[in-house]
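A.B. asks: Sequence and predicted structure are below.
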Amino acid sequence: MSWHNRVLIVNLTTHESRVEPLNQQWRDDYLGCRGLATRYLMDRMDPAADAMSPDNVLIFATGPLTGTMASTGGRYAVVTKGPLTNAIACSNSGGKFGAELKFAGYDLLILEGRSETPVYLLIQDDSVQVLPATDYWGTTVWHTEESIKTAHQDPQLKVASIGVAGEVGVKYACVVNDLHRAAGRSGVGAVMGSKHVKAIAVRGTHGVPVADAERFMSVVKHTHQLLEDSAGRKDLTDYGTNAMIDTMNAFGGLPTRNFQEVSFEGTDKLNPSAMMEVKENGHQNLITNKACFGCTIGCGRIAHIDKSHWAIRERPQYHHASGGLEYETAFAFGPVIGVDDIDALTFAGYLMNEHGMDPISFGVTLAAAMELFELGIITTEHTDGVALNFGNAEALTIMAEKTGLHEGFGQLLGLGAKRLCEHFGRPELAMVVKGQEFAGYDSRAQQGMGLGYATSNRGACHLKHDVFAEDMADQSGNGKAAPCKHSQDKIAMVDSMGICLFTLAAWDIDELQQQVSVACGDDWTQERLMLTGERIWNLERLFNLRAGLGKADDTLPPRLLETPCPSGVAEGRVAELDIMLPEYYQLRGWSENGSPTEQTLDRLGLGDYRAH
Amino acid sequence: MPKQLILDAAKCTSCVQCELACSLEHEGLFAPAYSRIKVFEFEHGKRNVPYTCTQCDEAWCLHACPTTAISINRELGTKVVDESLCVGCKVCTIACPYGTINYNTRSGKVTKCNLCDGDPKCAEACPTGAITYAMPAGAQS
């Protein structure tokens, strides 16, 4: 129960769709969402295939708690091979799209092949249509979503789509659903674009049953209350994730001007207080908070841009409310490029959602371009006449739009920091792991975070581990490998349930185990859940090894490994990866080369993947 | 005067816990498509509005029903559909100016809010206080 046990497979080459029964063994071994989609991906494609070729497979996956009343139970994952990293890509998103897909009666949606012409999918319960997207191709996410709802006269359709960035293959194009929620990282939107799929529109009325509704509601009442009572939850509700900007700035771990510094003088113009401040003309950036499907936290911000601001004064189409700043957007359009203009940042956020791009990768790529510019390696000759100095807010909004629309210098920015810096002969300036840009935490100030970045299967990412408490308490690399590994396994499991990571503000494995067991009517013990998380992590690793990645890719840029942290609590430290990584491999049961040993594979039930 | 569902759009985050609780109570599964209460989003989520039957005094649905399937529960003030009498003709759905009595394709009958017989699950599920079940301000019980 809580599963439909149905997988919808759409062959884009032939425009045919079919429903297959869900593989129940895999479901029991991998839960759902991230884990289950990874298992299907391994089965259906060669990891060495070109990410942008028809041989890549794009999977939208729900979890056992997606569509239920478990708080935050609306999440879905997009799993594929990512063009930014050439590694496994696994992005998840909230909003309402994921739950609607489940309500339509599908646990997973698998897209294979490539359509000759642009199409969109219209899924209305058992009716699945592949329709021409000629009217939408070349238009924005916002236009597409609204137009599809109008065309089918159904405002309740839930839509996930790509912008022009995804169509033209911006390496970090994302899939945007419900206007401003996104499966953001690793370029999953570019894969969708390579398959010539503009959008997926879903309406579902089948609902989601759970095995034992009475017990489920009794557990859910308890878990809701835990969240209600949690101080961490309250901060997220009241201030959003951007509350982190003051914490990281004071600590000295807020990457600034392409990671040359670790604190930023302008945070008080970008923090939650600034978002709530009423200006002299009466404008207040923040309007309200907003929840995703089923979420009792509501960390999302709804904001608007000051209509008198230069960025939109002459552009009334942006005089409406939309998704506002969160910590990572504030970091990526703020400190890391030295900009402190909250309206310009908010506008850049609109542009990311409208054109379908990952703000983290865009911001850190722009930061690299700004450093190249300040070093004189690139000039206004390259940048369409725009002075790419750190702190130039206009450069932010102009380049965001140029990248989204694939114009001028934006075409180079769309390659990501790694390829941009290689193009100009300075690869060391790209702040990336496996080609993916860092989030807003410096690896020298937070050693466990650095290890997590280096070993994340999808390239630099702050969401696949949680060593935050240990990092804040102790600035050395000692003892960080164990909590890094443990939290990676735990989060792989949480990511496979269909709920949000932020519930961990109040829940631990016990609460997760109760909700999943009662929903599924299956005995998910804590040990089984943790083993499942570890199995998922190792399967992702196996995908990457077969894709040609290895130990050499589990590293950090020289700026973090060699240049001491310039200030803050960790002043003078470098990222101590040389201490942490061997210990981490050992704890994982991997060889010195970073491959799971045969014993490890057997222990995790991955024996079929021995010595490929 | 009986207690009422008091809907405060300013507090709504559009989490749809109300729709989930409603559909579980009345349909036995999580299916917002069949919820008696709906949340409507405006302007990218700037305004989120929960909306259901107001149990209005005029009771247009009741007067329109040709089979007298709709009656008034005096204690709760609710207009209640008797499914054994409803023939699914949908005349009430046309008569209701609020659009809060709807045809249910699962049952072939119409459905509307009945305040869960005095214990509305939507109000219990709402995490922000946007939906409460209380006496209207200034009213006497």
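C.D. replies: Looks like it arrived, so ask away. Numbers count the residues shown, from 1 in each chain, chains lettered A, B, ... in the order given.
A.B. asks: Closest residue of chain A to chain B?
C.D. replies: Sorted by distance to chain B under CB to the nearest CB, the residues of chain A start with residue A:207, at 2.6 Å. In this view, the C-beta of every residue, glycine as well, is placed from N, C-alpha and C.
A.B. asks: what's near enough to touch that residue?
C.D. replies: Counting by CB atoms under 8 Å, 6 or more residues apart in numbering or on different chains, residue A:207 touches A:67, A:103, B:23, B:27, B:29, B:30, B:31, B:32, B:33, B:34.
A.B. asks: quick one: which of the residues you listed is nearest to residue A:86?
C.D. replies: residue A:67 (33.0 Å; CB to CB).
A.B. asks: Now do the SS call for that closest one.
C.D. replies: coil (DSSP: H, G, I helix; E, B strand; the rest coil).
A.B. asks: which residues does it contact?
C.D. replies: A:73, A:74, A:98, A:99, A:102, A:103, A:207, A:208, A:293, A:294, A:498, B:30.
A.B. asks: how does the chain divide up, domain by domain?
C.D. replies: Went with chain A since none was named. Chain A breaks down into these domains under automatic domain parsing: A:6-203, A:242-436, A:447-609.
A.B. asks: my bad, chain B
C.D. replies: Taken from automatic domain parsing, chain B resolves into B:1-52+B:115-131, B:56-112.
A.B. asks: With adjacent residues omitted, what lies nearest to residue 82?
C.D. replies: The chain I'm using is chain A. In space, and not counting its chain neighbours, residue A:82 is closest to residue A:89: 3.0 Å by CB to CB, 6 or more residues apart in numbering or on different chains.
A.B. asks: That was the other one, I meant chain B.
C.D. replies: Residue B:82 sits nearest to residue B:69 (CB to CB, 6+ apart), 5.0 Å away.
A.B. asks: Show me what from chain B comes close to chain A.
C.D. replies: Counting by CB under 8 Å from any CB of the partner chain, the residues of chain B close to chain A are B:10, B:13-17, B:20-21, B:23-24, B:27-34, B:43-46, B:48, B:105, B:125, B:127-128.
A.B. asks: Could you check how far the residue of chain B found nearest chain A is from residue A:259?
C.D. replies: Going by CB to the nearest CB, chain A is nearest to residue B:31 of chain B, at 2.6 Å. Taking CB to CB, to the nearest Å as the measure, residue B:31 falls 48 Å from residue A:259.
A.B. asks: hmm, who's touching the helix or strand encompassing residue A:228?
C.D. replies: Following DSSP states H and E, one finds residue A:228 within helix A:213-229. With CB under 8 Å, 6+ apart as the test, helix A:213-229 has contacts from A:68-71, A:210, A:233, A:296-297, A:503, A:505-507, A:511, A:514-515, A:518-519, B:24, B:28-29, B:127.
A.B. asks: packing partners for the top helix by length along chain B?
C.D. replies: In chain B, taking DSSP state H as the definition, the longest helix is helix B:17-27. Contact partners of helix B:17-27 among helices and strands, from 3 or more CB pairs under 8 Å, 6 or more residues apart in numbering or on different chains; DSSP states H and E: strand B:38-42, helix B:121-125.
A.B. asks: Give me the distance from the last one to the chain's centre.
C.D. replies: If I follow you right, that is helix B:121-125. 12 Å (CA atoms, centre = their mean, to the nearest Å).
A.B. asks: ditto for the first one
C.D. replies: Strand B:38-42 has its average C-alpha position 14 Å from the chain's average C-alpha position, going by CA atoms, centre = their mean.
A.B. asks: can you confirm residue A:202 is in a strand?
C.D. replies: Yes: counting by three-state DSSP, residue A:202 is part of a strand.
A.B. asks: got a list of what residue 131 touches?
C.D. replies: Answering for chain A, as no chain was given. Contact analysis of residue A:131 by CB under 8 Å, 6+ apart lists A:119, A:120, A:121, A:122.
A.B. asks: nope, chain B
C.D. replies: Neighbours of residue B:131 in contact, by CB under 8 Å, 6+ apart: B:5, B:6, B:7, B:8, B:12, B:18, B:37, B:50, B:120, B:122, B:123.
A.B. asks: How about it, nearest residue that isn't a chain neighbour?
C.D. replies: In space, and not counting its chain neighbours, residue B:131 is closest to residue B:123: 4.7 Å by CB to CB, 6+ apart.
A.B. asks: Let me know the pLDDT of residue B:93.
C.D. replies: Residue B:93 is assigned 98 on the pLDDT scale.
A.B. asks: And for residue B:137?
C.D. replies: Residue B:137 carries a pLDDT score of 82 in this model.
A.B. asks: Can you tell me which of the contacts of residue A:131 is closest to residue A:316?
C.D. replies: Nearest to residue A:316, judged by CB to CB, of these is residue A:120 at 28.2 Å.
A.B. asks: how about the contacts of residue A:131 in JSON lines, adding secondary structure?
C.D. replies: Output for those, formatted as JSON lines (three-state DSSP):
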{"residue": "A:119", "secondary structure": "strand"}
{"residue": "A:120", "secondary structure": "strand"}
{"residue": "A:121", "secondary structure": "strand"}
{"residue": "A:122", "secondary structure": "strand"}
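A.B. asks: Filter those residues down to the buried ones, ChimeraX style.
C.D. replies: Here is the ChimeraX selection string for the buried members of those, based on 16 or more other CB atoms under 10 Å in any protein chain shown:
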select /A:119,120,121,122
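A.B. asks: Would you map the helices across chain B?
C.D. replies: Under DSSP H, chain B gives helices at B:17-27, B:60-64, B:91-95, B:121-125.
A.B. asks: How far off centre is the second one?
C.D. replies: Offset of helix B:60-64 from its chain centre (CA atoms, centre = their mean): 16 Å.
A.B. asks: mind listing what's buried in it?
C.D. replies: B:60, B:61, B:62, B:64.
A.B. asks: Give me the spatial nearest neighbour of the first one, chain neighbours excluded.
C.D. replies: Residue nearest to residue B:60 in three dimensions, not counting chain neighbours: residue B:95, with 4.3 Å by CB to CB, 6+ apart.
A.B. asks: Now do the contacts for that neighbour.
C.D. replies: Per CB under 8 Å, 6+ apart, neighbours of residue B:95: B:60, B:61, B:63, B:64.
A.B. asks: can you rerun that using 10 Å?
C.D. replies: Applying CB atoms under 10 Å, 6 or more residues apart in numbering or on different chains to residue B:95 gives the contacts B:58, B:59, B:60, B:61, B:62, B:63, B:64, B:65, B:101.
A.B. asks: Please apply the same query to residue A:84.
C.D. replies: For residue A:84, the contacting residues are A:51, A:170-173, A:185-188, A:190, A:358, A:361, A:415-419, A:432, A:434-437, A:458-459, by CB under 10 Å, 6+ apart.
A.B. asks: ditto for residue A:296
C.D. replies: For residue A:296, the contact set (CB under 10 Å, 6+ apart) comprises A:69-72, A:220, A:223-225, A:227-228, A:233, A:237, A:503, A:506, B:13, B:15, B:17, B:125-128.
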